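Asker: sequence unavailable; structure follows:
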């Protein structure tokens, strides 16, 4: 026997018999030809089982020809290159491809999980809901692991994906979704008007199922027309064609997303540098849905056995790949189209008979079949299938629509079945963004009705099944319609067949599958109905019908049909479930695109970033910035490093990279008045060359930002904001200027990034700066606290602000960013003899907490006023108005019981209160307890040799000296005394040193 | 006396290899952010007296005169480009010409990093990170556009058909460079509409 017993000796338009390709499937070598899909090559080898089903672990084979395939889900590649749940019918084989079946153990033939099938009567719809309800604790440790292991599809890849992915944007006047007969004709029609046309098709070859369609266009067969049209389009400069590209979703404003499998089919493409997948973000004026139609399976007993295949897929296997599923087949149909499959089989020398459920079938194709001597049995259905890992025989019973029982049946040997229950327009793209649909009696399916977007559906997607009418619809896109001469067989009507009655008792060993991928049967749907799940959306969620990765492509309408017959309602009365993107699953890699690894998050780096990295900095995120948290040296842990840095500032001198600080230049004749309105305190009285700390509220009276503002000239200010607030505050300033105070002549220009800025703080700060020979007087008398100088330090242009966030003598030195690293180095060198070392943000925080300086965002949380944090003195009483002023007059913001900022000293000085710990009025055994406030900042202070904290406590300022309790996790209670917030250098002498 | 040490954001990055386009940091350019009212004739005249040409008023356009360029940023904001070494002098000239006229001119030469992209496919490379239709006729030479690029804010200046300067805030220079290295990788080129 040949190695590929089911490969026909000739035929197969897509394969190149001269190029043999060997690949591995479940560890075995399989050979096929270039152009084969994994499905066709494996089928040719005689293997019928491709996977095990989701719930019952029943053996499953191929059903479809393309993306509608729901059973043959395959994992491709190994280790970190593994990709699960790919449809065998879409996997193009190449030398060295490694693939494996899924959801089976240990092998496809012998699967232990198949025992589920034996117990299937105990696993009805809603089984999980009904069974795993009690006890609650069992969920996490017993039920969920069990279900996860038993159910499910492929496994996730191991390790980081080494391949690359990317996004790409494209704009088109017209996007055509689907490159079948309709799409090709529409593309040519649209392109003839000169507009930009994008044509996307999920298959490697354009043409859709032109090759499986009967008829002649202008004297050539349909597939030749399609091939020629594809060639013409490829030559047009205003047409962009994407193959292997699935439009996965249609969204508002004709925005679409498409998934291109760039390198899946050929490792050489990947090796050349191309991404594995590309996600296209498409913006189009007009969308043409030419997505074709999907063939429906038929619900008959054990219709899920391997080698029960859609009629079109059988036709495709023969025509495209020269592969037959078997040697004796039965075509089971309720429509004329499947007769084309019977002809294809007969031509290929395969024995075939037709079982047609219709009592009357007199279309041209039926007549031709009868004339050709094909055994056609009308008024018949398949009532039983024999065989488990394949089909060995079927029983054929007499049938008349509406009369459900099997009375007589006849057994016929066969080894495959080609089924066709009619065709459903592929409505997904039409429906994603709210397209309306209507039921079509002729099709016994839904078709597009109306849409609010600039979108049309044509051809089979529109329910138009004739070639001639399809071409006519496509001409709607041309300025002048082209005329075609089309010959095609006249079709007889189909008759809906939602359920073929079975031998024996219903649902015992003869399941009628509706949703193959989620193992939902007709009986499950009826059960849901009986249990009161009347809405189709509820039935869907209860039974999981249509919820698998195939999104109900083949199951949807059959399910509705079953429910219709069970309830006596019409299908439109039952309604449809919502179509949601994606049309087919697409990879996480493509969604992430290039934005992985170092690109995962756009990170902002200061001019000194590299130095920090080189000096062992541990970073922390501040907004998008990465700031040095601390610089641990050789043997230090983080805590030791922070303590060293703090003491260095207190006793010697330290340097902090403060470049992230927000900087905004504000200029204009009304600048001072504008600032008076933005801040709680007054800036119009600030002298040129002087700095002032300011508080900013929002309209609600809550603290929103703080910082030091400098008066550069009479009409010119430089505002500093918090690092995280820079963008928000400049937008806030612009908003007031542009929308409320349009009379103000003020310009606001954010300049944060222009400057590298360093805090040089500590008793030796002046000494360090002096060593760099400033060209301005740096003496304490000439350059006092809260003032500003401009000049040069070591030849580098600088702005120097004598301001302090540490409580020490401190200068903030700013220089244009590109001079930043040079100046930083020069300062480091100059400071060496004074023991200068860099300090990070954690030291900064401890230093400021020792001084009781607040951090907006720590001591405030969006519900805290300046008065709450004890800064009433900074809220002007004189100014006529400023943002937030009126809100502060509200009674509840003046309530004495508001939480107020206080200092805390723990009973045990070695213990540090947890950040955010709650203080309670009375400690009880267990919650609830009355909470009176929370810790906002808490640190071990090396300066003071004890822990310190700040907290917002109800009526805190009136409770000085009071001891309050903080119940912690595990029953521990910490106690602390309420104090002033300034722990160190209360007189502030060090600032002015 | 020490000399100031100049170090641009991408100074330590090697010349990229294996790219489908060429890519380098432009460091020799000075930039002045100029605010003023286009409706203020005195302002427009004062600026013209220094630059030698009118500030562009049409959105997304630019004007050039010798080694000076003005990029339109918004109805009351322009980015003036000049040789870096001449920035201070130009700023002083502008400020003196503007005098009391309501305006704000700031040297922002170090605020942004400029990445020069050169070669066939620059537009498509940028379209991997931008939703703008950069291959359309809207983006002819001289066009200026503020944009969202690969998740960050950027400014685009079409210098020639296949030459584009991408301005990003200095702190994002590394991120942008890394993104472009990936997007412009040889073998990943995308040609749209056979261009």
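Answerer: Alright, I've got the coordinates. This one's a predicted model, so the numbers in the text were calculated from it and none came from an experiment.

Asker: got the contact list for residue A:590?
Answerer: Counting by CB atoms under 8 Å, 6 or more residues apart in numbering or on different chains, residue A:590 touches A:165, A:167, A:259, A:277, A:278, A:279. Any C-beta I mention is one placed from the backbone N, CA and C, and that applies to glycine too.

Asker: am I right that it falls within a strand?
Answerer: No: assessed with DSSP: H, G, I helix; E, B strand; the rest coil, residue A:590 is helix; it does not lie in a strand.

Asker: residue A:766 belongs to a helix?
Answerer: Yes: assignment of residue A:766 by three-state DSSP places it within a helix.

Asker: helices of the stretch 851-993 of chain A, start to end?
Answerer: Assigned by DSSP state H, counting those that start in this stretch, the helices in the stretch 851-993 of chain A fall at A:891-894.

Asker: wait, chain B
Answerer: B:41-51, B:87-98, B:122-127, B:173-183 (DSSP state H).

Asker: if we can go back for a sec, make a markdown table out of the contacts of residue A:590 and add distance to chain B.
Answerer: Below are these laid out as a markdown table (distance: CB to the nearest CB, whole Å):
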| residue | distance to chain B |
| --- | --- |
| A:165 | 10 |
| A:167 | 6 |
| A:259 | 15 |
| A:277 | 12 |
| A:278 | 8 |
| A:279 | 10 |
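
Asker: in strands only, show me those residues.
Answerer: Within those, residues falling in strands by DSSP state E are A:165, A:167, A:259, A:277, A:278, A:279.

Asker: which residues does the second one contact?
Answerer: The one in question is residue A:167. A:278, A:279, A:280, A:281, A:590, A:593, A:594, B:128, B:129.

Asker: could you do the last one as well?
Answerer: Taking CB under 8 Å, 6+ apart, we find residue A:279 in contact with A:165, A:166, A:167, A:168, A:257, A:258, A:259, A:260, A:586, A:590, A:591, A:593.

Asker: if we can go back for a sec, of the helices of chain B, flag the one that's most buried.
Answerer: helix B:122-127 (a mean of 24; mean count of other CB atoms under 10 Å in any protein chain shown).

Asker: which other helices and strands does that helix contact?
Answerer: strand A:165-177, strand B:163-169, helix B:173-183 (3 or more CB pairs under 8 Å, 6 or more residues apart in numbering or on different chains; DSSP states H and E).

Asker: what's the closest of those to residue B:7?
Answerer: Among the helices and strands packed on helix B:122-127, helix B:173-183 comes nearest to residue B:7, with 11.8 Å by CB to CB.

Asker: which strands or helices does that closest one pack on?
Answerer: strand B:22-26, strand B:112-118, helix B:122-127, strand B:152-160, strand B:163-169.

Asker: with distance to residue B:97 and mean pLDDT added, can I get the ones you listed in JSON lines?
Answerer: As requested, those are exported to JSON lines (distance: least, CB to CB, whole Å; pLDDT from 0 to 100):
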{"stretch": "strand B:22-26", "distance to residue B:97": "27", "mean pLDDT": "97"}
{"stretch": "strand B:112-118", "distance to residue B:97": "25", "mean pLDDT": "98"}
{"stretch": "helix B:122-127", "distance to residue B:97": "36", "mean pLDDT": "98"}
{"stretch": "strand B:152-160", "distance to residue B:97": "25", "mean pLDDT": "97"}
{"stretch": "strand B:163-169", "distance to residue B:97": "26", "mean pLDDT": "98"}
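
Asker: tally of neighbours for residue A:400?
Answerer: Residues within reach of residue A:400, counting by other CB atoms under 10 Å in any protein chain shown, total 12.

Asker: show me what contacts residue B:69?
Answerer: Residue B:69 neighbours (CB under 8 Å, 6+ apart): B:62, B:63, B:80, B:81, B:82.

Asker: one step back: return the closest of the ones in strands among the contacts of residue A:590 with respect to residue A:570.
Answerer: Nearest to residue A:570 among the ones in strands among the contacts of residue A:590, with distances taken as CB to CB, is residue A:259, at 36.1 Å.

Asker: pretty sure that closest one contacts residue A:244?
Answerer: No: at 9.1 Å, residue A:259 and residue A:244 do not qualify as touching, with contact defined as CB atoms under 8 Å.

Asker: more neighbours, these two?
Answerer: residue A:259 (24 against 21).

Asker: what residue is smack in the middle of chain B?
Answerer: By CA atoms, centre = their mean, chain B has its centre lying nearest to residue B:167, at 4.7 Å.

Asker: tally of neighbours for the residue lying closest to that one once chain neighbours are set aside?
Answerer: Closest residue to residue B:167 apart from its sequence neighbours, by CB to CB, 6 or more residues apart in numbering or on different chains: residue B:155 at 3.9 Å. Neighbourhood size, residue B:155 [other CB under 10 Å]: 19.

Asker: residue B:155 contacts residue B:147, correct?
Answerer: Yes: at 7.3 Å, residue B:155 and residue B:147 qualify as touching, with contact defined as CB under 8 Å.

Asker: before we move on, the earlier item: and the gap between the residue nearest to the centre of chain B and chain A?
Answerer: Remark: distance between residue B:167 and chain A (CB to the nearest CB, to the nearest Å) = 11 Å.

Asker: show me what contacts that residue?
Answerer: Neighbours of residue B:167 in contact, by CB under 8 Å, 6+ apart: B:79, B:112, B:113, B:114, B:154, B:155, B:156, B:157.

Asker: ok, now with 10 Å
Answerer: By CB atoms under 10 Å, 6 or more residues apart in numbering or on different chains, residue B:167 lies in contact with B:26, B:29, B:31, B:71, B:79, B:81, B:111-115, B:144, B:146, B:149, B:153-157, B:176.

Asker: list buried residues within these.
Answerer: Among these, those buried by neighbour count (16 or more other CB atoms under 10 Å in any protein chain shown) are B:26, B:29, B:31, B:71, B:79, B:81, B:111-115, B:144, B:149, B:154-157, B:176.

Asker: near chain B, which residues of the stretch 451-600 of chain A show up?
Answerer: Applying CB under 10 Å from any CB of the partner chain, we find that the stretch 451-600 of chain A lies next to chain B at A:593, A:594, A:595, A:596, A:597, A:598, A:599.

Asker: output the contacts of residue A:279 as CSV; include the columns pLDDT.
Answerer: CSV is the format used below for those (pLDDT from 0 to 100):
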residue, pLDDT
A:165, 97
A:166, 98
A:167, 98
A:168, 98
A:257, 98
A:258, 98
A:259, 98
A:260, 98
A:586, 95
A:590, 97
A:591, 97
A:593, 97
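
Asker: which of these are buried? Put it as a ChimeraX command.
Answerer: Per 16+ other CB under 10 Å, the buried members of the contacts of residue A:279 correspond to this ChimeraX selection:
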select /A:165,166,167,168,257,258,259,260,586,590,593
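
Asker: burial count for the closest residue to residue A:687 other than its chain neighbours?
Answerer: What sits nearest to residue A:687 in space, not counting adjacent residues and going by CB to CB, 6+ apart, is residue A:711, at 6.6 Å. Using other CB under 10 Å, residue A:711 has 23 other residues around it.

Asker: give me the pLDDT for residue A:711.
Answerer: Residue A:711 carries a pLDDT score of 98 in this model.

Asker: where do the helices sit along the stretch 551-700 of chain A?
Answerer: Here the stretch 551-700 of chain A has its helices, by DSSP H, counting those that start in this stretch, at A:556-567, A:571-574, A:588-592, A:609-614, A:638-651, A:671-678.

Asker: my guess is the residue nearest to residue A:687 meets residue A:682, correct?
Answerer: No: with contact defined as CB atoms under 10 Å, residue A:711 does not count as touching residue A:682 (12.0 Å).

Asker: for residue A:790, give the beta-bridge partners.
Answerer: residue A:799 (DSSP bridges).

Asker: contact partners for it?
Answerer: Taking CB under 10 Å, 6+ apart, we find residue A:790 in contact with A:689, A:712, A:775, A:776, A:797, A:798, A:799, A:800, A:814.

Asker: now a PyMOL select for only the buried ones of those.
Answerer: Typed into PyMOL, the line below selects the buried ones among the contacts of residue A:790, using 16+ other CB under 10 Å:
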select buried, chain A and resi 712+797+798+799+800+814
